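Q: Predicted model follows, preceded by the sequence.
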Amino acid sequence: MTHLVSRKTLGFHATPLHRAAEPHAFHYLAQRTSFWVAILSLLAFVTGNMIGQHGWQVFWKSVMGRDDDSLIVYTGTVTPIALVPDYVRWYRYGGNPQEHSFREVPQDFLIPLPPYTSALNDETARVIYSVSYMGSYTTGKENSGSHPAVDIRVPIGTPVRSIASGIVSEVKDATGFGKTIVIRHPNIPDPSRPTQTTVLFSNYAHLSTLFVKPGDYVSKGEQIALSGMTGDATGPHLHFQIDRSDAPWHPYWPFTSEELRAAGYSTTDAINRGFHADRGTSFTVNPLLYVQASYAPALTIVDAGASSVRSSASSSIASQTWLSRVQSRVAQRRARLTVASTTTVAVHEAASSSSSSSEHEPESSLPVATGEVVQRREVVVSRDEALPPAVGTPVSSVEITHDGSYSDRGWERVRLTLLDDNGNVVTSPMLTRDIVLRASFGSADFQPDTLSVLDFSNGRAEVSVLPHGRRTLVIEAIPFGTQSQPMRYIK
């Protein structure tokens, strides 16, 4: 019979070879240098992105799947283009926006973007703003059609900047618009009620080069693209538009392809006829007038007891700080304009000179208090005061000659010749009043549109003519009533 005897009874015991317990996972990782290198790299990456200008916004969007609009601070607006060519001087130098890029424009010929007005009384502004807000392609005048934007004539490669701080909403190649950027601007003054905030969308179309992508945060004045003529464009220009938040798409267009087919219109015909212009004014804003206003930031009253308000005391202080800066800049601008109004003398022949305009900051680059319109008062010397005494041979008529056609190349040359009763050239003319040029048929811009005896050399003068659209153009010289031969469009 077999008996079982315990080891304790026999007087010996067994011990494990390794008393220590299995090491913890962190103990194992601590022995690996690559683990700590990875941890430090991750921390450096997160910290670096948080320190950046829009780090918290990007973090909020990546975690929550949306943008934190409360972190976008409105600091005023600027125009989408800072500098444009002085087209009159550049043309005399041999420049042409159809053939030359922005980089080929001499620096001395660049001027600040001129102020936009609904009437566009200034001839330089009429050349640069080829189509006004809610204008047509035939006249370009405001409220003559349903074009929901302002077309700014600029050479290819002109820097384009964001009008205000915001978030890039779309970057796309849109039908008709070509390469397009859409920027969403939260917490921006409502154009209907500037003391309240809203959301607006700025649109930049026909671009050539894009510098941003969807989701990027951009600040006021930051360069986002270069201008071009992509999409349906007959010449290089920037299509600049501002949509309201309730617009169904961006850039908003007042009619669809289906509506065009149903009405039997082409896109050009629809714009010229003002097709659904009421939609354009409902869903868009006059873009240049809005950015030129550069409304002061709206103050938000923080209610600590309201759960729907996320603003803190620090954000209120920040808003007041921005407001004080804006008010300071407005005061400085007023002081400069006051000095300028007492010392500036503008002569008509030197009105387009960039030497004086380049010394001043663009009108739209400084904020203006709500409801204010700041204008520069200038003492203008009349052309009549500079005219010599009315002596010489009387002028009976004016002969207007040109090559008979024009295309999309841009400006055309037209010659004016002063004639006497016998049809001879008057080399020493006597003019009792200026000669005014206008389009008796079609539409066009003239540089200059008014000529005095000082503009003629040996009885002849040349003017630059920019036809609008593709209609036949007939030029008339007032007060003589002389009309030119038709100038027809050719492809």
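A: In hand now; what should we look at?

Q: rest of the way, CA atoms for contacts and neighbours
A: Will do.

Q: Thought Ala461 was touching Arg413, still the case?
A: No - contact between Arg413 and Ala461 fails when scored by C-alpha atoms under 8 Å: they sit 10.3 Å apart.

Q: Kindly export stretch 147-156 (C-alpha atoms) in CSV.
A: Taking Å, rounded to 0.1, in the frame of the first residue of the first chain, the C-alpha atoms of stretch 147-156 are listed here in CSV:
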residue,chain,number,x,y,z
HIS,A,147,-25.8,91.2,-62.2
PRO,A,148,-25.5,90.6,-58.5
ALA,A,149,-21.9,91.6,-58.2
VAL,A,150,-19.4,94.3,-59.1
ASP,A,151,-16.9,93.4,-61.9
ILE,A,152,-13.5,95.0,-61.2
ARG,A,153,-11.3,95.3,-64.4
VAL,A,154,-7.8,94.2,-63.3
PRO,A,155,-4.9,92.4,-65.2
ILE,A,156,-4.3,88.7,-64.7
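
Q: quick check: mean pLDDT across that stretch?
A: For stretch 147-156, mean pLDDT is 95.

Q: The strand ranked longest in the chain packs against which elements?
A: Counting by DSSP state E, the longest strand found in the chain is strand 197-210. With contacts defined as 3 or more C-alpha pairs under 8 Å, 6 or more residues apart in numbering; DSSP states H and E, strand 197-210 has these neighbours: strand 178-189, strand 223-227, strand 237-244.

Q: Need the winner for burial among those strands.
A: Mean neighbours per residue, mean count of other C-alpha atoms under 10 Å, is largest over the helices and strands packed on strand 197-210 for strand 237-244, with a mean of 26.

Q: tell me the angle that strand makes with strand 197-210.
A: Computed by axes from the mean of the first three to the mean of the last three C-alpha atoms, to 10 degrees, the angle separating strand 237-244 from strand 197-210 equals 160 degrees.

Q: from now on call the first residue 14
A: Yep, numbering from 14; the last one is strand 250-257 now.

Q: Quick one: residues in contact with strand 250-257.
A: 93, 161-169, 212-220, 240-242, 263-265, 296-300 (C-alpha atoms under 8 Å, 6 or more residues apart in numbering).

Q: can you map out the helices along this structure?
A: Along the chain, the stretches classed as helices by DSSP state H are 20-23, 38-43, 46-64, 68-77, 100-106, 136-141, 270-276, 280-286, 290-296, 300-306, 326-356, 367-370, 396-399.

Q: mind listing what's buried in the fifth one?
A: What it means is helix 100-106. Tyr100, Val101, Arg102, Trp103 (16 or more other C-alpha atoms under 10 Å).

Q: Closest one to Pro207 out of those, please.
A: Tyr100 (35.1 Å; C-alpha to C-alpha).

Q: Who has more neighbours out of Arg426 and Ala474?
A: Ala474 (17 against 14; other C-alpha atoms under 10 Å).

Q: Run through the residues that contact that one.
A: Ala474 neighbours (C-alpha under 8 Å, 6+ apart): Arg428, Leu429, Thr430, Asp468.

Q: Give me the buried subset of those.
A: Judged by 16+ other C-alpha under 10 Å, buried ones among the contacts of Ala474: Leu429, Thr430.

Q: Which members of the contacts of Ala474 occur in strands, if any?
A: Counting by DSSP E, those contribute Arg428, Leu429, Thr430 to strands.

Q: The last one and Thr495: what is the separation?
A: Okay, so that is Thr430. Distance, Thr430 to Thr495, by C-alpha to C-alpha, to the nearest Å: 11 Å.

Q: got any residues that touch both of those two?
A: With C-alpha under 8 Å, 6+ apart as the test, Thr430 and Thr495 both reach Val411, Glu412, Ile413.

Q: pretty sure the second one contacts Leu429?
A: Yes - here Glu412 lies in contact with Leu429, judged by C-alpha under 8 Å, at a distance of 5.6 Å.

Q: State the pLDDT value of Ala326.
A: Predicted confidence (pLDDT) at Ala326: the value is 39.

Q: Share the number of residues neighbouring the closest residue to Arg102 other than its chain neighbours, please.
A: Distances taken as C-alpha to C-alpha, 6 or more residues apart in numbering place Phe122 nearest to Arg102, at 6.8 Å, with adjacent residues excluded. Other residues lying near Phe122 total 20 when counted by other C-alpha under 10 Å.

Q: Give the full set of residues in contact with Phe122.
A: Counted by C-alpha under 8 Å, 6+ apart, Phe122 has contacts Pro98, Asp99, Arg102, Trp103, Ser367.
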